[in-house]
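Enquirer: have a look; sequence and predicted model below, questions after that.
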Amino acid sequence: ARFDLVPASRSRRRRSDPSAPLPMDQIRVLPLGISAGSPTARRHVSATAIVLDGRTILVDCGEGTQYQLMRSPLRTGAMNIILISHLHGDHLYGLPGLLATLALHDRSEPLAIFGPPGLDDYLDGIRRTTQLNLPYFLRTTEIETGVIVSENGFRIEAQPLEHNVPTFGFTIIEDDRVGS
């Protein structure tokens, strides 16, 4: 998957304007898996965590993502967005296990998953065949080009990439801050 981080201008938010977007004070990128196709002894398949002021975005969820999350400083409970670039196994076969583990850990907060057409069918098949019942609300969105998430402080845009199946790259853009 491809993703870009676009910081806002260096200007600061005016304290007198409470409607101004909150600035991103901390942005961290943690590669959890960087191997292609199949894992190696030292590298797991595709997964990257992006932390924006404590909010965690997971880009792809290949096999072994849970193990890598346990080894990382991240709290999986802080994860509120998962982006799936395309429906090849090395990018999403870890997703059913992660969803089930979040349920076992009593997650109650909603979780949003964005991915290409076919994502809903994939997850419906998992639910139907494995009896995956989640105690939290799972919102899935099959994406198209453009803005797919707009939250206080940032937005995420999806762009199509060339591959042999529908594939998206993601850009995370920090909102501009009002100058002082």
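Expert: Right, received. Where do you want to start? Numbering: from 1, shown residues only.

Enquirer: just the helices in this protein please.
Expert: In the chain, the helices defined using DSSP state H lie at 65-71, 89-92, 95-104, 119-130.

Enquirer: residues of the third one that come out buried?
Expert: By neighbour count, with 16 or more other CB atoms under 10 Å as the criterion, the buried positions of helix 95-104 are 95-100, 102-103. Quick note: C-beta positions are derived from backbone N, CA and C, even for glycine.

Enquirer: please apply the same query to stretch 165-172.
Expert: 166-170, 172.

Enquirer: residue contacts, the residue lying closest to Gly97 once chain neighbours are set aside?
Expert: The spatial neighbour of Gly97 that comes closest, neighbours along the chain excluded (CB to CB, 6 or more residues apart in numbering), is Gln66 at 5.9 Å. Residues in contact with Gln66, defined by CB atoms under 8 Å, 6 or more residues apart in numbering, are 94, 97-98, 101.

Enquirer: which among those residues gets closest to Phe154?
Expert: For these, the residue nearest Phe154 by CB to CB is Leu98; the value is 22.6 Å.

Enquirer: next, the contact list for the closest one, please.
Expert: Going by CB under 8 Å, 6+ apart, Leu98 touches 61, 65-66, 69, 76.
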